[in-house]
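# sharing a model that was predicted from the sequence below.
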Amino acid sequence: MSAPNNESKHFLPDFGSFGVAIRIIFLAEIIAVIITIGRNPVFDQQAWQDLNLLSAFALIISFCTVVALKVASPLIGKMALRNGTVVVFLLLLGVTALGTEAMIFLLYDLGMINERWPQWREPLLIRSLMVTAIIGALGLRYLILMHRAEIDAKNQQEAKMQALQSRIRPHFLFNSLNSIASLTSKDPERAEAVLHDLADLFRVLLADARKLVPISAEREISRQYLEIEKLRLGDRLKVKWNVNNIPRAALIPALTLQPLLENAIYHGIETRFGGGTVKIDLWSEGETLNILISNPLPDSDNRKIHTQGNKIAQDNILQRLTTQFGNAASMQAFREGGQYHMKIKMPIIKG
């Protein structure tokens, strides 16, 4: 029986947050403007006086409501959706009643009214409570639906990230296992080391896609992958790293480099009789991290070999970067000087 309550309480927004406070104050001022327009057919001096008085009243009520919600928010956050909504609604009515009484007392204390208990006190209190009840119910519904939409959007983004990362299925898996099998008899210690590298790589593959990883960890995973590939390709595969001015605390999405290196080897190195060099350039420009991976183009006789899958991996990475960084990230592929280049730009996120 407790599971539904625990699940539903997450649809209660943080009533003590700055965003909720701004919305309450803004809504109160809008109500003051609407009432002023309804009471005055012409916006003259009397209308200005009404607006000033109503704005002061609305701001006092809204500020008191914000303070009350801030104090009660830790308790409300532990409640189920229905109970929390009822408590917030009653809190709004209570603050409105006390605020109205305080406003009347302030006017009397300042000498602006002659009676402590004027005849219009009770009608004003009733109207204030009615307006608060109507606007409060609609406002609470709006805040809850908006908070639920934010949670749904966040969950969809996280699910998309997990789905995109789970689609990464390295082609080298079976080749690596075959290479390890051939090493077990000739060099068992090296075979064990390669198995550890392979395990580390798939540990990253199965990790939480929402988390960013230090670029040093991403480089290490890429190094391990390249070492595994060297077992198959031998001297045909050469690797050159150029890393300049990269903050040590920089974070990037996990498995950003490895699929691109896999493409560089699968579509570049393997299609060349003499192999070639994969170059990885990492550098920063201001608050932007640049990644450039280059590999030689296939031999003319092998241009139609290994033509499948390149765009799939690139589109996957682009979607992950867009999901994580929006328009602040970009990816560009181009050919130049007999080389195929893949360039990525993304914001530098420091851990």
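Nice, I can see it.
# low-confidence ranges in the stretch 101-250 of the chain?
Across the stretch 101-250 of the chain, the ranges flagged by pLDDT under 70 are 157-176, 201, 204-210.
# helices of that one, start to end?
Ranges of helices in the stretch 101-250 of the chain, per DSSP state H, counting those that start in this stretch, are 121-166, 172-186, 188-205, 215-233.
# now do the stretch 251-351 of the chain
Taking DSSP H, counting those that start in this stretch as the test, the helices found in the stretch 251-351 of the chain are 257-264, 310-325.
# and the last one, how far out from the chain middle?
A distance of 16 Å separates the C-alpha centroid of helix 310-325 from that of its chain, computed with Cα atoms, centre = their mean, to the nearest Å.
# domain assignment for the chain?
Per automatic domain parsing, the structural domains of the chain span 2-157, 167-350.
# starting at the chain centroid, how far to the first one?
For domain 2-157, the separation from the chain centroid amounts to 30 Å (computed by Cα atoms, centre = their mean).
# identify whichever of the helices of the stretch 101-250 of the chain lies nearest to Gly84.
Relative to Gly84, the nearest member of the helices of the stretch 101-250 of the chain by Cβ to Cβ is helix 121-166, separated by 9.2 Å. For glycine as for every other residue, the C-beta is placed from the backbone atoms N, C-alpha and C.
# tell me the angle the closest one makes with helix 188-205.
Between helix 121-166 and helix 188-205, the angle comes out at 150 degrees (axes from the mean of the first three to the mean of the last three Cα atoms, to 10 degrees).
# between helix 310-325 and helix 121-166, find me the angle.
Using the same axes, to 10 degrees: helix 121-166 against helix 310-325 is 150 degrees.
# use 394 as the first number from now on
Will do, 394 is the new start, and the previous item becomes helix 514-559.
# for helix 514-559, packing partners?
When contacts are defined as 3 or more Cβ pairs under 8 Å, 6 or more residues apart in numbering; DSSP states H and E, helix 514-559 packs onto helix 411-432, helix 474-502, helix 703-718.
# 6 Å instead, please
Counting contacts by 3 or more Cβ pairs under 6 Å, 6 or more residues apart in numbering; DSSP states H and E, helix 514-559 packs against helix 474-502, helix 703-718.
# need the ones you listed in a markdown table (columns: mean neighbour count and distance to Ala642).
Putting the helices and strands packed on helix 514-559 into a markdown table (neighbours: other Cβ atoms under 10 Å; distance: least, Cβ to Cβ, whole Å) gives the following:
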| stretch | mean neighbour count | distance to Ala642 |
| --- | --- | --- |
| helix 474-502 | 16 | 39 |
| helix 703-718 | 18 | 17 |
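# which stretch in those helices is the model least sure about?
Per-stretch mean pLDDT for the helices and strands packed on helix 514-559 is lowest at helix 703-718 (a mean of 77).
# then that helix to CSV, C-alphas only?
C-alpha atoms of helix 703-718 as CSV (Å, rounded to 0.1, in the frame of the first residue of the first chain):
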residue,chain,number,x,y,z
ASN,A,703,29.8,4.0,-40.2
LYS,A,704,26.8,6.4,-40.3
ILE,A,705,25.0,4.4,-37.6
ALA,A,706,27.8,4.9,-35.0
GLN,A,707,28.2,8.6,-36.0
ASP,A,708,24.5,9.3,-35.7
ASN,A,709,24.4,7.5,-32.4
ILE,A,710,27.2,9.7,-30.9
LEU,A,711,25.7,12.9,-32.4
GLN,A,712,22.3,12.0,-30.8
ARG,A,713,24.0,11.4,-27.4
LEU,A,714,25.9,14.7,-27.6
THR,A,715,22.8,16.6,-28.6
THR,A,716,20.8,15.0,-25.8
GLN,A,717,23.5,15.9,-23.3
PHE,A,718,24.6,19.4,-24.5
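# ok and that helix relative to helix 650-657, angle-wise?
160 degrees.
# which strands or helices does helix 703-718 pack on?
Using 3+ Cβ pairs under 6 Å, 6+ apart, helix 703-718 sits against helix 514-559, helix 650-657.
# give me that answer again for 7 Å
helix 514-559, strand 643-646, helix 650-657, strand 723-729, strand 732-740 (3 or more Cβ pairs under 7 Å, 6 or more residues apart in numbering; DSSP states H and E).
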